[in-house]
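Participant: what's the 3D shape of this:
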Amino acid sequence: MPHSTASRIIIHPITPPEGSTYDIGAELRNADLENISPADAAVIKNALYTHQVILFKDQHSLSPKTQYEVTRLFDPAATGYGHGKTLDAKRSILHPDLKTIPHQPQVQVIGNGHVAEFEGLKDVTLKHPHHKTFHQEAISEEDDRENTRFYRWHIDAALYDLEPPKATSLLAVKVPKTQYQNLRYDDGSGDELRVPRGSTAFVSSYRMFDLLSEEDKEFARTTRVQYAPHPYIWMSPAKSRSDGLGLISSGLELPTSRLPPIDDAKINILPMCWKNPVTGKLALQIHPSAVQKLILKDGVVVDDLAEVREIVHRLQRPGIAPELVYPIDWEEGDFAIFNNRGVLHTVTGSFLPEEVRVFRQCNMAASEGVVGPDDE
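Facilitator: Predicted coordinates:
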């Protein structure tokens, strides 16, 4: 451990390009992640909750064990899996996207293409999620190379039984560098955004809350969200809106009879607004695809799924406007950590089968619940 009581870490907030107004993202320099002092840990934790997405460059030699330990800085009592024990359930929409590292099971491998051997995994084929498998309407094959969509705006969370992780880390191991793509919302707004191909896009849920009218802020502060049991299996036949922000209601969700056994005590009912532990600001933090019901201040339950989705989409859509999106332009060795309780994120882009892309991801179900607007 370093003997100095002061941290050498320097924080450089990300400067948005012309036309963008997002206020998240910071690069942390001079960090030795293999030897984090208490002072370093304090700087890193404060930076995450101030900037929501923090980036460490040139972390090529970072081990899965260290990635796990750094991710645990934000919740030292957390040890389990962020997406729960159904992570590899065959019917879950998450199943094709995640492979678990045998010697560090809290860390998963995601990416694209065939990998002969990596961290104890042998002969695996990774598949970058493509919107054509999830959206109701897809970009045409001939336009697909130049254009892309937000795949699925989400929070990393099981949303059944387990508490949402506090932080997620991503390490870019192998990145095929290619052209930018035109990201289309295709929702009638005409909104578009230029993004690096394969970028992970982030938006601030604090900004999303701040954009609400006073009436909607009061609604958000006093409403609770009930998530579907086994949500990633429940939603598996359903299709997404073209902006990736929630599902289209066509009655395709699986009925209770086709889900694994349900324990009502494990159903997640969470505040619509989550409080930042450092700034105290409120985030409009909803997983739009997994939501099933809304519980209003007076106890009334809104359980018409189409109505629930329309309400949530109306509240969240201003927060994903093009100027508010921070798309990371990944380079090999980039190590990013994001505040999973204060941002939404999504995959973008598409890769050919022969283009190999390898990332490591880590998050753990939290050891404590979400802090709502009225919680201390």
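
Participant: so where's the protein shaky on pLDDT?
Facilitator: For the chain, the stretches flagged by pLDDT under 70 are 1-5, 81-97, 376.

Participant: where exactly do the helices run in it?
Facilitator: For the chain, helices defined by DSSP state H occupy the ranges 38-51, 64-72, 205-210, 214-222, 231-234, 305-316.

Participant: okay, buried residues for stretch 217-224 please.
Facilitator: Within stretch 217-224, the residues that qualify as buried by neighbour count (16 or more other Cβ atoms under 10 Å) are 217, 219-224. The C-beta positions use only the backbone N, C-alpha and C, and glycine is treated the same way.

Participant: er, stretch 65-79 actually
Facilitator: 66-75, 78.

Participant: could you export the helices of the chain as CSV, including distance to residue 27?
Facilitator: CSV is the format used below for these (distance: least, Cβ to Cβ, whole Å):
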stretch, distance to residue 27
helix 38-51, 9
helix 64-72, 16
helix 205-210, 20
helix 214-222, 31
helix 231-234, 33
helix 305-316, 28
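
Participant: out of the ones you listed, which is closest to residue 288?
Facilitator: Comparing those against residue 288 with Cβ to Cβ, the closest turns out to be helix 305-316 (5.3 Å).

Participant: what lies in contact with that closest one?
Facilitator: Residues outside helix 305-316 that contact it (Cβ atoms under 8 Å, 6 or more residues apart in numbering) are 153, 208, 212, 216, 219-220, 241, 245-247, 249, 253, 284, 286, 288, 291-294, 302, 344.

Participant: and if we set it to 7 Å?
Facilitator: Under the contact criterion Cβ atoms under 7 Å, 6 or more residues apart in numbering, helix 305-316 has outside partners 208, 212, 216, 220, 245-247, 249, 284, 286, 288, 291-294, 302.

Participant: quick one: buried residues of that helix?
Facilitator: Residues of helix 305-316 classed as buried by neighbour count (16+ other Cβ under 10 Å): 305, 308-309, 311-313, 315-316.

Participant: could you do stretch 344-352 as well?
Facilitator: 344-351.

Participant: okay, the residues you listed in TSV with distance to residue 160 next?
Facilitator: Formatted as TSV, the buried residues of stretch 344-352 follow (distance: Cβ to Cβ, whole Å):
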residue	distance to residue 160
344	19
345	20
346	21
347	22
348	27
349	29
350	30
351	31
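
Participant: which among these gets closest to residue 184?
Facilitator: Comparing the buried residues of stretch 344-352 against residue 184 with Cβ to Cβ picks out residue 348 as the nearest, at 10.7 Å.

Participant: residue contacts, that closest one?
Facilitator: Residue 348 touches 148, 150-151, 183, 195, 198-199, 201, 327, counting by Cβ under 7 Å, 6+ apart.

Participant: let's see it at 6 Å
Facilitator: Shown in contact with residue 348 (Cβ atoms under 6 Å, 6 or more residues apart in numbering): 148, 183, 195, 199, 201.

Participant: cool, and residue 172?
Facilitator: Counting by Cβ under 6 Å, 6+ apart, the residues that residue 172 touches are 330, 332, 334, 359.

Participant: burial of residue 213, as a residue count?
Facilitator: By other Cβ atoms under 10 Å, the residues close to residue 213 number 9.

Participant: residues contacting it?
Facilitator: For residue 213, the contact set (Cβ under 6 Å, 6+ apart) is empty.

Participant: for the chain, what's the longest strand?
Facilitator: strand 107-118 (DSSP state E).

Participant: quick one: the strands in the stretch 101-250 of the chain?
Facilitator: 107-118, 121-126, 147-148, 167-174, 180-184, 192-196, 200-204, 224-227 (DSSP state E, counting those that start in this stretch).

Participant: what's the closest of these to residue 53?
Facilitator: Comparing those under Cβ to Cβ, the one sitting nearest is strand 200-204, at 5.4 Å.

Participant: okay, the angle between that closest one and helix 305-316?
Facilitator: Interaxial angle, strand 200-204 versus helix 305-316 (axes from the mean of the first three to the mean of the last three Cα atoms, to 10 degrees): 80 degrees.

Participant: quickly run through the sheet partners of strand 200-204, with directions.
Facilitator: Sheet pairing for strand 200-204, assigned by DSSP bridges, gives strand 326-328 (antiparallel), strand 343-347 (antiparallel).
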